[in-house]
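Trainee: quick one, what's the 3D model for this:
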Amino acid sequence: MAVDLSFYTSPLSEELRDEGRAEGLADAILLVLQQRGIDVPDQARERITTCDDMQLMRTWLSRAVTAASTEAVFAEE
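Mentor: The predicted model follows:
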């Protein structure tokens, strides 16, 4: 019996994977800022959690490690 795996290569499947990756990156950014004691205003939290640009989110995560503020995470965009 053959199993239909076409869903896993479908555009919808790829979109769902990307959404999961974006959500994971957003969680990581927020966790790093929280653990560093940096305040994350609601507007910044929304910006992070609604972003769907994976490369930009990776940049934010890298900056979150050393940023002195949430504003510094978003600097130079």
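
Trainee: ok, and the closest non-adjacent residue to R36?
Mentor: For R36, ignoring the flanking residues on the chain, the nearest one in space by Cβ to Cβ, 6 or more residues apart in numbering is A64 at 7.6 Å. All C-beta spots, glycine's among them, are computed from the backbone N, C-alpha and C.

Trainee: do the same with A22
Mentor: The shortest distance from A22 to any non-neighbouring residue, by Cβ to Cβ, 6+ apart, is to D52 (5.5 Å).

Trainee: got a list of what the residue nearest to R36 touches?
Mentor: When contacts are counted by Cβ atoms under 8 Å, 6 or more residues apart in numbering, A64 is found next to 29, 32-33, 36, 38, 73.

Trainee: rewinding a little: and the pLDDT for the residue nearest to A22?
Mentor: The predicted local confidence for D52 comes out at a pLDDT of 87.

Trainee: equivalent analysis for the one 5 residues further on, please.
Mentor: At M57 the predicted local confidence, pLDDT, stands at 93.

Trainee: what strand or helix carries it?
Mentor: Using DSSP states H and E, the secondary-structure element containing M57 is helix 54-64.

Trainee: how about that helix: buried residues?
Mentor: Residues of helix 54-64 classed as buried by neighbour count (16 or more other Cβ atoms under 10 Å): 57, 60-61, 63-64.

Trainee: roughly how far apart are L25 and A44?
Mentor: For L25, the distance to A44 under the criterion Cβ to Cβ, to the nearest Å works out to 15 Å.

Trainee: quick one: D39 and V73 touch, right?
Mentor: No. Taking Cβ atoms under 8 Å as the contact criterion, D39 and V73 are not neighbours in contact, 11.8 Å apart.

Trainee: between these two, which one's more packed in?
Mentor: More crowded of D39 and V73, by other Cβ atoms under 10 Å: V73, with 25 against 9.

Trainee: isn't the more buried one up against I29?
Mentor: Yes. Taking contacts as Cβ under 8 Å, V73 lies within contact range of I29: 7.3 Å.
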